[in-house]
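J.: Need a 3D model of the sequence below.
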Amino acid sequence: MNIIYENKVKALGDCVKEFQDANMFILFGDNAPEELRDYCYSVSVNPIHGKIAAGQILKIDDHEYEITAVGEEAPVTLAGLGHCTVNFNGEIAAELPGTLYVENKPIPDIQIGTIIQIIEP
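T.: Residues are numbered from 1 along each chain as shown. Purely as a prediction, here's the structure:
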């Protein structure tokens, strides 16, 4: 397995559960706009080592999700701002450019210290 991306959750916005109810979550680096900060999981801005593509695995601690589609801007904003929306609806065509789509499974409990990885199997 090749780790393409890795990060650790540093903080939780006060309203992150609202997006989980919609089957998604948002990552953002320290420079998240004030109006979004309460809805994001705060992470560091870390590099991506390779290309993010459908068929890879999003791993959240011990939970694994197959990536089903990748919005064209998602890798750019993830590498540059730490920003990405992860949608757990299993779509195979990216509807939104800044979104990573994964298989439709329950979102795990994400806390400070949760490790998020993108892995090429």
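J.: Show me where this protein has its strands.
T.: 2-8, 11-12, 24-28, 40-42, 57-60, 63-70, 84-87, 99-102, 115-120 (DSSP state E).
J.: ok, N46 - how many residues close by?
T.: Neighbours of N46 under the rule other Cβ atoms under 10 Å: 15. Using the backbone N, CA and C atoms, a C-beta is placed for each residue, glycine as well.
J.: isn't it right up against E6?
T.: Yes: at 6.6 Å, N46 counts as touching E6 under the criterion of Cβ atoms under 8 Å.
J.: P108: which of the strands of the chain is closest?
T.: P108 sits nearest to strand 63-70 of all the strands of the chain, at 4.3 Å, using Cβ to Cβ.
J.: helices or strands next to that closest one in the packing?
T.: With contacts taken as 3 or more Cβ pairs under 8 Å, 6 or more residues apart in numbering; DSSP states H and E, strand 63-70 sits against strand 57-60, strand 99-102.
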